[in-house]
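[1] next come a sequence and a model predicted from it.
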Amino acid sequence: MDTTDTNASDVIDLLKEKADTRYHAGMQRFGIANEKALGVKIPEVRKLAKLIGRDHALAQKLWDTGIHEARILASMIADPKQVTPQQIDNWTKDFDSWDVCDQVCGNLFDRTPYAIEKALEFSAREEEFVKRAGFVLMAELAVHDKKAPDSVFIQFFPIIEREACDNRNFVKKAVNWALRQIGKRNAALRPLAIACAERILLQESKTAKWIARDALRELA
């Protein structure tokens with residue numbers, strides 16, 4: 001698809017053609033606010049992303065529309081090499097649902113040179129979806145960054161321990177996800193992740209105990 005003459009409104013029109021009213025109505029069952037959504041399934045968004053290809057300028061325009069699926073699409077066509085720390089901060093500040101957070105982190109942010117520093121930074125933030133982004137980045141790095149040394153992930157364990165008492169649903173699930181993915185990365189990190197989970201299990205918090213038990217079920 002030649003995007004030289006394509007503008008954001010053309011792409012929104014293409015997304016609207018793929019909208020599914022039943023899917024839109026069902027989004028709330030998965031904890032996704034659908035007020036700004038069209039009701040387009042992720043596989044359809046991915047197909048459109050492949051058609052468009054990399055287009056960083058278009059990605060920014062799509063993000064600025066505020067439309068749920070347009071923002072997910074933006075994360076798929078943006079160029080990681082052109083992403084700046086400021087753009088990461090600006091987009092993260094706009095996160096208003098777990099799926100946009102996860103898609104942007106897993107499609108784009110984790111492929112930038114700033115992924116590790118932003119994981120560390122965001123994990124200490126108070127805003128629910130910003131904090132979630134920190135732990136999603138840890139999980140996605142464990143899956144996607146094949147060249148990262150174990151030391152990158154070892155530094156995340158104390159943070160996972162520290163934040164395991166946050167009982168907000170979208171934070172606790174991301175903390176758990178990060179712990180499990182790091183533990184599954186390789187044979188060296190698995191026992192360290194298990195030890196981390198065992199320490200978390202000793203915390204008084206019900207949330208921490210859930211995080212630990214769920215991780216131990218998978219890792220041990």
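    Ah, there it is. Not measured: the values here are computed from a predicted model. Numbers count the residues shown, from 1 in each chain.

[2] for the one helix or strand residue 135 maps to, buried residues please.
    Assigned by DSSP states H and E, residue 135 falls within helix 128-144. By neighbour count with 16 or more other CB atoms under 10 Å, helix 128-144 contains the buried residues 128-142. C-beta coordinates here come from the backbone N, C-alpha and C atoms, glycine included.

[3] what are the buried residues along the following helix or strand past that helix?
    Counting by DSSP H and E, the next helix or strand C-terminal to helix 128-144 is helix 150-154. Residues 152-153 are the ones in helix 150-154 that count as buried (16+ other CB under 10 Å).

[4] other SSEs contacting the helix or strand just after helix 150-154?
    Using DSSP H and E, the helix or strand that follows helix 150-154 towards the C-terminus is helix 157-163. Where contact means 3 or more CB pairs under 8 Å, 6 or more residues apart in numbering; DSSP states H and E, helix 157-163 is packed against helix 128-144, helix 169-185, helix 189-201.

[5] quick check: which of the ones you listed is nearest to residue 218?
    helix 169-185 (5.3 Å; CB to CB).

[6] which pLDDT value goes with residue 6?
    On pLDDT, residue 6 comes in at 66.

[7] swap in the one 10 residues further on?
    Confidence at residue 16, expressed as pLDDT, is 96.

[8] ok, and what's touching the least confident helix or strand in the chain by mean pLDDT?
    Sorting the helices and strands of the chain by mean pLDDT, DSSP states H and E puts helix 21-26 at the bottom, at a mean of 92. Applying CB atoms under 8 Å, 6 or more residues apart in numbering, the contact partners of helix 21-26 are 34, 37-41.

[9] pLDDT on stretch 209-216, on average?
    Mean pLDDT, stretch 209-216: 98.

[10] next, the buried residues of that stretch.
    209-212, 214-216.

[11] show the average pLDDT along the strand or helix carrying residue 101.
    Element membership of residue 101 [criterion: DSSP H and E] is helix 98-107. For helix 98-107, mean pLDDT is 98.

[12] quick one: contacts of that helix?
    Here helix 98-107 has contacts from 30-32, 42, 68, 71-72, 75-76, 91-92, 95, 129, 132-133, 136-137, 140, 144, 170, using CB under 8 Å, 6+ apart.

[13] check stretch 197-211 too.
    Contacts to stretch 197-211, defined as CB under 8 Å, 6+ apart, come from residues 160-161, 164-167, 172, 175-176, 179, 183, 212-213, 215-216, 219-220.
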